[in-house]
Structure formats: structure tokens, C-alpha cells
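Engineer: output the structure for:
(2 chains)
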2 protein chains.
Amino acid sequence: MTKVGVVGYGTIGKRVADAVVAQRDMDVIGVAKTSPNFEAGTAVSKGFDLYAAVEERRELFDEAGIPVAGDLDDLVSAADAIVDATPSGIGAQNREVYEAHGTPAIYQGGEDADVADTSFNARANYDDAVGADHVRVVSCNTTGLSRLLAPLREEYGVDKARVTLVRRGGDPGQTGRGPIDDILPDPVSLPSHHGPDVKTIFPDIDIDTLGLKVPATLMHMHSVNVTLESDVDADEVRDLLAEESRLFLIPEAAGIDGSGKLKEFALDSGRSRGDVWENSIWSESIAVRGNDLYLFQAIHQESDVVPENVDAIRAITDSAEQAESIATTDETLGMGLGRAFER
Amino acid sequence: MTKVGVVGYGTIGKRVADAVVAQRDMDVIGVAKTSPNFEAGTAVSKGFDLYAAVEERRELFDEAGIPVAGDLDDLVSAADAIVDATPSGIGAQNREVYEAHGTPAIYQGGEDADVADTSFNARANYDDAVGADHVRVVSCNTTGLSRLLAPLREEYGVDKARVTLVRRGGDPGQTGRGPIDDILPDPVSLPSHHGPDVKTIFPDIDIDTLGLKVPATLMHMHSVNVTLESDVDADEVRDLLAEESRLFLIPEAAGIDGSGKLKEFALDSGRSRGDVWENSIWSESIAVRGNDLYLFQAIHQESDVVPENVDAIRAITDSAEQAESIATTDETLGMGLGRAFER
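Structural biologist: Numbers count the residues shown, from 1 in each chain, chains lettered A, B, ... in the order given. So this is what the prediction gives:
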């Protein structure tokens, strides 16, 4: 039983903690937070031991009447593996604590790639993380692109990928973010960071990415073009992608026209927090013109990396092989929104 | 002096009427409307003779106390040219009225291409409309793409164009439209109508377009990829595009990050209604990778076709050649937002 410490209990950390609890081969021994906010209250009510991520802020928890089990050192020394889900840049600062205790650690995509021995996507390069000390799960968008590109590369070869990422301006809880009523090139200059980030998973891929920000909170949307090295038709691509457990091909009959209905379907399906772990690809959008493949996929920025973090724990502790880990994670979480449409 | 009748005095019609008034070689002899709404009031206060576009609705104007000069037949028979700026599909219905009077007519991009003898973009194919009886000015997005592709084709050759159009959900006045807080593939299936529409201007071009709708009202945004037939660098492309009077290259120093500041700059510049007739291309966004050119351009859906309509009037009445018409339109309207940044 792998003892997991979760450092940072915000958008990603709280989801990873729940996902770890759902596994048979690992458990959460505690979560570390900086502030006694509503999420700290939830952690306590879920029965997680709460640790003060910053020692000087421990008294804030005392004042709020929230019990604290110890500080960051206590959690790290007791854990077999750490999932660091702190805001961008904090993970790199925490790294020395994890090193001091010899505890292997998993970081999120907001950190620079050089925080870790390898960047990680379960489908694409699980083995690179086996036995590593520091592993970085790539960001939501890079995870979404890696999951899609992996089977396309293996089956057809990728000559070039060109992706426009129409990004949500902020998460539903990020009330200070924009834009309102605008469409912003972001960044204005090519490339957005996503293309280079995909190369941390596929070093030799030719990919150009452009980013935009729009007044939406629910999910990102990718307008994908991949020039393939083989002649294929759209139905073959559809069949190939349908085999991937973390790709959900939205059937036309579902009547799902955007992120709102997707999230509503996830909630109706009983998904915790309405999470959509799968890339959600509009089946009708899959089109081939010459060697150019096109499709639209929605990426739930708050949750698609959650199963990847679970798999990264198994890789970094060398406790399961790739296929076994992915199958276990998928089964325990209930991956596969598409099953509702299978006859 | 060309006598112009404007049929439909909404978003496009009212702008075209003002633009015609600004010309030295044409004048507005009247505008036709269906409803005595606020725009009818504006038309009267600007001194335009108002005609009832639908005879049965004439009494509504009487009840509203808005004077009417006649009906559609009266306007069409008195005009040398009609600009039909009615909602999509109405232009095709009106065509028989224009034909009955032998009055040449200009339609908007919402009509099917076969309403007209030719589709029209002043920069790309002015001569095709010279002396035609029925001409269709292509839609805002197609106008924006045609203006961009024309010089690229002439100078470098276009192997293939791939464009993701991130479209505003509705105009500021279209209060019933959405989405709110969502990003919708629209249409879900490839291609959006824009690619085929661009082929009405450049029949032999290879272009794939994907459309999305987002919660914004101010302008459309195009994420453009053009695979060129020549080796070029970004600075050469920048210099080429800077020569085009209806392309505004937003300089980095302008601090314009999206549609909102663009519109504010247009208002500060004294532009009527804050209109941005020019494609607005982020200069920093122009990038070349191999033979792939990328850029972002914003398209003001309410106004970029206005100068094109003015030029179409000259073409259809054979009253000026292409270069002369474009120069005159540009000078009288005050084209060239970029001049504010020239030293």
C-alpha cells in the first residue's frame, strides 16, 4: 500500500486525493495546505489529516479551529510518494524538502520541465517515469494533446501538428480573471507554450500551437489539425481513437454542443464535481482532407490530469506496469463517458 | 452622381448609407425599412428619405409618426443602384423587384452565392463585377480572408490555407444570442461555410476552415495558417501586408491586446460607431515556420464590408476602375488606423 502525501489541496490536489482514495493499492496519509479556507474544511470533513504547508501559517488553522496534524516535513517524511499540486513555481521551491527526505515527488504542468527528471503522460511515456525521483505531469492542454497524438503517431505517423487552443479565461472559482466579452490572442507571439511542452513528451514532433483566451470557464477547446504521414479516412481515425480509454468520442446523437452540456452529462453520470477526465472529441468533427486530419476536442482543465497523477504515483514507486496502471486507474475511477452510448 | 437606394437599414445598411454620403460621386436617394424602430428614427434625423420595404407594414410608420416617402418600388425605380442589406434570404426575395426595374443590385454575404452574377471583394476580383447586374459582397469573415489571401497569393503563392474562426456569438445589439460561458464548435462538421465562400472569390484555392462560437460580441478572431509556395521570413510578410490599405498591422507598442482595446482605439480615432473597417492583424503574431505562415487577425463583423459595398457600387455601375475606386473609398472614409503609428 503506497502512502501518498498531497501537497496543495486546491483544484488539482483535492481531485487527486479523492482519486487516490479510490485506488486499492495506495492511500492518502495527509494533505498539506497554506490556508484554512473552504477546501481545508472539506479536507477535514473527508477525514484527511491536514498538514500546514507553511509553518508560519500554522496558527491561522488554529485560529480557524481547524485541527492540524503537523507540518510539511512530517508529511513528506511519512510518505512513500508526494503529489505536489501547489501553484506554479511553488513545487520547484518544495523540491528540496522532498529531496531532503528522499521522497519521490510528482509535480504539475505549471512547473518548468526542468523541475523533474522527466515529464509524464501515462499513455505516451509511462516507462520514462518508472523509478524516477521527480516526475512532472504535463498540463491539462499538453495532456490532452499527448493522448491524441500518441495513437496517431503510432498508427499513421505525424508529419506536422497545428493546433489553435481556445482557452477558458479562468476556472469557475477564479473570479478575478477575464476576459469579459473579448477574444484575446494569448500569447500574441507564436508559439504558445503548449507546442514546446508537447515536445517534452514527444521530443521529435513537429508542432505549432497558437493560444487564445475567451470569456468561458468550463473547458478549453482545441481546434486540431494534424498532417499525417499516411492516407487514411475519417472513419479509420474514428475507430482508432474510439479504442483509447481516455478519449471520449461524443456521438452526434448525444446532442452535446459544447462544454456546458458536456459538464451536465458528466454531472448526470454521477461524476464527482462534474469532472471530465477524458479528452472529449466531437465525432462528427473528425474530418480528413488529403493527409490533413481535423477535429475539435474539449479539455477539462480542472480534471484531465487527475488519472495521470494516479498513474505517475505507480510509475515513480515502480509498483505497476503501464497497461496495468492505466487499466486499474480507469476501472476504479469509472473512466469512459462513451459507454453510456454503447449498445 | 450615382443615385443609391439602400434597402434594409440595420447593422450594414445604416453604415453603407453613411459611407455613400461621404463619397463625391454618389448619393443616397433613400433607405427602405420594415419597422419604425430606433434606426428608422435615426434615418429620418439624418435626412434620409424613408421608404416602406414591405407595403403592408407602411401603416406602422404612420402610427409611429415617422414620415414615409414611398414604397420599395418607388425607391428601386428611382435608383441607379441598390444596396440590399436585408437579413439573409430577403435579398434573394427582393431580387425580382430589382430585375423588374432593371436596377443593378448589390447583395450581402448572408445570401447564397447564386443570388448574384459574381461574389465580390474589392481587392481580389473587382473587375468581375464591372457591369454585372447582381453582385454579392461576401461576408465579413470571407472579406477578411480574401483581403489577406490576395497579396499572399500574388507574392508567394498559397499551397494551402487552414483557418480557425473564433466567432463572436452575436453583435452587441443581438441580445437574444449566445453562448454565455461556453465555447461551441459551430458547425461541428468540417468545413465551416467560410472555406467554400472564399472559393467564390478564389475558385482554385485549397482552404479548410473550422468555426467556433464564443461569448463575445465585439469582433471575430481568425487563427490563420497559410502554407506558402515560397520561402519567406516573417519580416517580408509583415512588409507585404503593411502595403495593403485595408490591413491594419497592430504594432506591439500600441498595447492592444484584443477586440475591446481595438474598438476603443477606433472610437478614440473618431471612427463613426467605433467601426474598424480594416482587418486588424497583430504584427507580433506574424510568424513563419518552414513554409507555414501564422497570424491572428480580428474582423469587425459590423463594418469591414462597408468599404467593399461602396466599391461594389462603382463596379456595378462601371463608374470607376478598381484602383481608383479603392483609393477614393479609402480617402473619403479615412482608411488606415495604422497611420497613427507612422513616424
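Engineer: the helices in the stretch 201-343 of chain A, which residues?
Structural biologist: For the stretch 201-343 of chain A, applying DSSP state H, counting those that start in this stretch gives helices covering A:234-242, A:259-268, A:306-316, A:322-333.
Engineer: tell me which of the ones you listed is the most buried.
Structural biologist: Compared across the helices of the stretch 201-343 of chain A, helix A:306-316 shows the largest average neighbour count, a mean of 27 (mean count of other Cβ atoms under 10 Å in any protein chain shown). In short, each C-beta sits where N, CA and C put it, glycine included.
Engineer: gap between residue A:262 and residue B:173?
Structural biologist: 30 Å (Cβ to Cβ, to the nearest Å).
Engineer: need the residues of the stretch 201-343 of chain A near chain B, please.
Structural biologist: By the rule Cβ under 8 Å from any Cβ of the partner chain, the part of the stretch 201-343 of chain A lying against chain B is A:208, A:210, A:212, A:214-221, A:223, A:225, A:252, A:257-260, A:282, A:284-285, A:287, A:289, A:292, A:294, A:296, A:298.
Engineer: need the buried ones from these selected in ChimeraX.
Structural biologist: The buried residues among those can be selected in ChimeraX (16 or more other Cβ atoms under 10 Å in any protein chain shown) with this line:
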select /A:208,210,212,214,215,216,217,218,219,220,221,223,225,257,258,259,260,282,284,285,287,289,292,294,296,298
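Engineer: the residues of the stretch 201-343 of chain A next to chain B in strands, which ones?
Structural biologist: A:208, A:210, A:212, A:214, A:220-221, A:223, A:225, A:282, A:287, A:289, A:292, A:294, A:296, A:298 (DSSP state E).
Engineer: ok so, going back, looking at the helices of the stretch 201-343 of chain A, which is closest to residue A:181?
Structural biologist: helix A:259-268 (17.7 Å; Cβ to Cβ).
Engineer: just the C-alpha atoms of the closest one, please, in PDB.
Structural biologist: Below are the C-alpha coordinates for helix A:259-268, written out as PDB (Å, rounded to 0.1, in the frame of the first residue of the first chain):
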ATOM      1  CA  SER A 259     -18.700  22.400 -22.700                       C
ATOM      2  CA  GLY A 260     -21.900  23.300 -20.800                       C
ATOM      3  CA  LYS A 261     -23.800  20.200 -22.000                       C
ATOM      4  CA  LEU A 262     -20.600  18.000 -21.600                       C
ATOM      5  CA  LYS A 263     -20.300  19.100 -17.900                       C
ATOM      6  CA  GLU A 264     -24.000  18.500 -17.400                       C
ATOM      7  CA  PHE A 265     -23.700  15.000 -18.900                       C
ATOM      8  CA  ALA A 266     -20.700  14.400 -16.500                       C
ATOM      9  CA  LEU A 267     -22.800  15.500 -13.600                       C
ATOM     10  CA  ASP A 268     -25.800  13.400 -14.700                       C
END
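Engineer: now do it against strand A:292-299, angle only.
Structural biologist: Per axes from the mean of the first three to the mean of the last three Cα atoms, to 10 degrees, the angle that helix A:259-268 makes with strand A:292-299 is 60 degrees.
Engineer: contacts for helix A:259-268?
Structural biologist: When contacts are defined by Cβ atoms under 8 Å, 6 or more residues apart in numbering or on different chains, helix A:259-268 is touched by residues A:168, A:216, A:218-219, A:221, A:250, A:254-256, A:274-276, A:280, A:298, A:300, A:337, A:340, B:179, B:181-183.
Engineer: show me which of those are buried.
Structural biologist: Among the contacts of helix A:259-268, the ones that count as buried by 16+ other Cβ under 10 Å are A:168, A:216, A:218-219, A:221, A:250, A:254, A:256, A:274-276, A:280, A:298, A:300, A:337, B:179, B:181-183.
Engineer: is residue A:162 in a helix, a strand, or coil?
Structural biologist: Put simply, residue A:162 is strand when judged by DSSP: H, G, I helix; E, B strand; the rest coil.
Engineer: with adjacent residues omitted, what lies nearest to it?
Structural biologist: residue A:225 (4.5 Å; Cβ to Cβ, 6 or more residues apart in numbering or on different chains).
Engineer: look up how far residue A:105 lies from that neighbour.
Structural biologist: 36 Å.
Engineer: one more: residue A:320?
Structural biologist: In terms of Cβ to Cβ, residue A:320 sits 18 Å off from residue A:105.
Engineer: and those two? Which one has more around it.
Structural biologist: With neighbours defined as other Cβ atoms under 10 Å in any protein chain shown, residue A:320 and residue A:105 compare such that residue A:105 has more, 28 against 20.
Engineer: that one reaches residue A:133, doesn't it?
Structural biologist: Yes. Using Cβ atoms under 8 Å, residue A:105 is in contact with residue A:133, at 7.3 Å.
Engineer: which residues do the two both contact?
Structural biologist: residue A:316.
Engineer: okay, domains of chain A per the record?
Structural biologist: Structural domains assigned to chain A are A:2-138+A:305-333, A:141-304, following automatic domain parsing.
Engineer: next, the distance between the ends of the last one.
Structural biologist: Chord length of domain A:141-304, first to last residue, is 9 Å (Cα to Cα, to the nearest Å).
Engineer: adding mean pLDDT, write the helices of the stretch 201-343 of chain A out as CSV.
Structural biologist: CSV is the format used below for those (pLDDT from 0 to 100):
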stretch, mean pLDDT
helix A:234-242, 98
helix A:259-268, 96
helix A:306-316, 98
helix A:322-333, 98
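Engineer: what about the longest helix seen in chain A, distance to the chain center?
Structural biologist: Identified as the longest helix of chain A according to DSSP state H is helix A:140-155. Averaged C-alpha coordinates place helix A:140-155 at 13 Å from its chain's average position (Cα atoms, centre = their mean, to the nearest Å).
Engineer: quick one: contacts for the residue in the stretch 1-150 of chain A positioned nearest to chain B?
Structural biologist: When scored by Cβ to the nearest Cβ, the stretch 1-150 of chain A has residue A:141 as its residue closest to chain B, at 13.4 Å. Going by Cβ under 8 Å, 6+ apart, residue A:141 touches A:165, A:167, A:194, A:197, A:220, A:222, A:299, A:301.
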